[in-house]
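**Student:** Fold the stuff below for me.
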Amino acid sequence: MEKKNILVIEDDRRISDNLVKGLSKKGFLSDVAFDGHNGLKKALSLPFDLIILDINLPQMNGFDVCFAVRGYKPSIPILMLTAMGEVEDKVEGLDNGADDYIVKPFDFRELFARINALLRRASRTPIQPIKEVLRVADLEIHLDKKIAVRSGKIIDLTAREFTLLEYLVRNRGRVLSKMDIAENVWDLNFDSGTNIIEVYINYLRKKIDKDFEPKLIHTKLGLGYILREK
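**Tutor:** Below is the predicted model:
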């Protein structure tokens with residue numbers, strides 16, 4: 001089996017050295033960049049199967065690197081390294097195109113589990129976009145165009161917000177736990193210490209429900225969330 005090649009973009013030499021050693025022990029090839037500018041250059045010019053990307057980098061931060069890579073290589077998995085408890089970093093990273101995140105300091109067993117999950121997902125045969133429209137009340141989800149429309153008004157959603165809304169609509173009338181959402185929208189192992197799910201639900205409510213009736217996104221206390229007309 002051909003070895004997977006991983007790009008590590010991390011300015012902390014101790015962390016990057018440990019990552020390279022750990023990846024090598026697991027049978028991965030790897031390359032390292034110690035700042036955002038060189039990391040982006042390598043990401044765009046060389047073939048990699050996955051990128052491990054820190055946020056706080058010299059010259060160019062990880063958010064900007066992630067966004068730029070997504071513009072040229074939309075299918076490459078990106079795993080971001082975030083600081084403990086920084087929910088805003090996780091949200092911004094995901095909105096800029098990251099597929100997953102892991103909090104520093106991390107356990108290598110969890111890191112490799114996430115790497116393998118992202119590589120498995122990337123290896124699946126891409127599904128061609130379906131010209132399908134999902135409807136609930138006056139809300140329309142255009143899957144081929146990746147847009148949401150409510151009462152004839154186009155709603156400006158990020159890629160992650162659109163994916164979350166699509167999941168809620170496809171499961172209309174069903175109570176979805178935070179774990180359901182984390183695993184199906186982000187492919188994340190649910191961390192009960194983060195409020196990232198609430199953050200995105202609130203984003204959607206402001207865009208989808210605030211100025212419209214009926215309200216569609218509802219909270220079931222202690223259980224999760226449900227999308228329904230009443």
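**Student:** Report the buried residues of the worst-scoring helix or strand of the chain on mean pLDDT.
**Tutor:** Within the chain, no helix or strand scores below helix 87-95, which has a mean of 78 by mean pLDDT, DSSP states H and E. Residues of helix 87-95 classed as buried by neighbour count (16 or more other CB atoms under 10 Å): Asp89, Lys90, Val91, Glu92, Gly93, Leu94, Asp95. C-beta: built from backbone N, CA, C; applies to glycine.
**Student:** Would you agree the second one is in contact with Tyr200?
**Tutor:** No: the pair Lys90 / Tyr200 is not scored as a contact, 10.3 Å apart, by CB atoms under 8 Å.
**Student:** same for the least confident helix or strand of the chain, what does it pack against?
**Tutor:** Other elements packing on helix 87-95 under the criterion 3 or more CB pairs under 8 Å, 6 or more residues apart in numbering; DSSP states H and E are helix 62-72, strand 78-82, strand 100-103, helix 159-170, helix 196-204.
**Student:** In this structure, which helix is the longest?
**Tutor:** When the chain is scanned for its longest helix (criterion: DSSP state H), the result is helix 108-123.
**Student:** can you list the domains in the chain?
**Tutor:** Following automatic domain parsing, one gets these domains for the chain: 5-123, 133-227.
**Student:** The longest one: end-to-end distance?
**Tutor:** What it means is domain 5-123. 14 Å (CA to CA, to the nearest Å).
**Student:** before we move on, back to that, so which of the buried residues of helix 87-95 comes closest to Leu164?
**Tutor:** Leu94 (10.3 Å; CB to CB).
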